[in-house]
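Student: This is the structure alone, sequence omitted:
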C-alpha cells in the first residue's frame, strides 16, 4: 500500500472513532448508519489497498455496499424500537427509552415525566423522594414534597424583659428553624406581637424591634436576608385574653408568615 493509501485509511480510522463517540452508548455499531458506512469504507479500503494499492476505489465501493447493507431496523432485537439513533429499548414501557430513563422500573401505565420518573401530584418532587404524596395542586412544598405551613408560630422564642434581646433558649429554637427555612425557597414575613401591657406606641416599637432581632439572628445563621421582612404588630392581633398571665404570655409571640 502506498503512502496516500495509508494516509486515507488512517483518516478513516479516526473517523470511525469520532463517529462512534458521537453515538449513544446503548446503540450497536451495526445499528448506526453513519458508523456502519464509515466502517464499510474502512474495510473496503483495506482490502483494495492490500490487493493493488487502489485504496480510494475500495473506500468508495465499501461505503456504497455498507450504505445499502447497513439496515438498522433489520438488527433490532425483540422489544427494541428503531429510532434515528438505531435500536433502543424501553424496558418499563413508559414511553421513555432506557438510554434517557432515570427511573427504569416505573409501574406499567404510570404517568411519567420527560426523564421517565413519576411525579403524580406534579409538585416538582419525584414520587421516589416525595414524603407527602398527592398534595393538592399549587401547594407550596418543601424539598421533601410536603406542604409548607402558611404560618409558623415559634413557641418558646422569648426576649429579655422590655427588650429585643433574644434569650439563650430562643436562640436554640431559631437554630433549629434555620434548617427548615433553608429547605424552602419561599419568602416570609417575621411578625412581632406583644401583650397589652404598656402603651400601644411602645408595644408597636417593641414588637418591630423583636421581629428585627429575629431577622438579624437568622441572617447571621445563613438565611438570605432578601427572603425576610420584619413587621411589628404590637398588641393589635391578640390570640388570647390579655386579662390573664397565660393569655398575655401567648400574645407575646413571633410568627413566620410564609409567602408564595
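Tutor: Now that the structure is in, tell me what you want to look at. Because the structure is a prediction, the values reported are computed rather than measured. Residues are numbered from 1 along each chain as shown.
Student: Please count neighbours and contacts with C-alpha atoms only from this point.
Tutor: Noted.
Student: do you know how far residue 230 is from residue 103?
Tutor: Relative to residue 103, residue 230 is positioned 43 Å away (C-alpha to C-alpha, to the nearest Å).
Student: actually residue 132, not the one I typed
Tutor: For residue 132, the distance to residue 103 (C-alpha to C-alpha) stands at 19 Å.
Student: circling back to that earlier point, and residue 230 and residue 103? Which one has more around it.
Tutor: residue 230 (20 against 17; other C-alpha atoms under 10 Å).
Student: Spatially nearest residue to residue 122, not counting backbone neighbours?
Tutor: Closest residue to residue 122 apart from its sequence neighbours, by C-alpha to C-alpha, 6 or more residues apart in numbering: residue 137 at 7.5 Å.
Student: Can you pull out the low-pLDDT segments for the stretch 1-150 of the chain?
Tutor: Regions of the stretch 1-150 of the chain meeting the criterion pLDDT under 70 cover residues 1-79, 81, 84-85, 149-150.
Student: so where do the strands sit in the stretch 151-260 of the chain?
Tutor: Assigned by DSSP state E, counting those that start in this stretch, the stretch 151-260 of the chain shows strands spanning 151-153, 188-193, 228-234, 253-258.
Student: The chain - how does it break down into domains?
Tutor: What automatic domain parsing lists as the domains of the chain is 3-75, 151-258.
Student: Counting neighbours, what do you get for residue 211?
Tutor: Counted with other C-alpha under 10 Å, residue 211 comes out at 25.
Student: Ok, residue 127 next?
Tutor: For residue 127, the neighbour count with other C-alpha under 10 Å is 19.
Student: same question, the one 10 residues further on
Tutor: Applying other C-alpha under 10 Å, we find 9 residues neighbouring residue 137.
Student: wait, it sits on residue 124?
Tutor: No: using C-alpha atoms under 8 Å, residue 137 is not in contact with residue 124; the gap is 11.0 Å.
Student: So which residues make contact with stretch 117-136?
Tutor: The contact list for stretch 117-136 (C-alpha atoms under 8 Å, 6 or more residues apart in numbering) reads 101-103, 106, 110-113, 137-141, 143-147.
Student: Which members of the residues you listed are classed as buried?
Tutor: Using 16 or more other C-alpha atoms under 10 Å as the burial test, these include 101, 103, 106, 112, 113, 140, 141, 143, 144, 145, 146 as buried.
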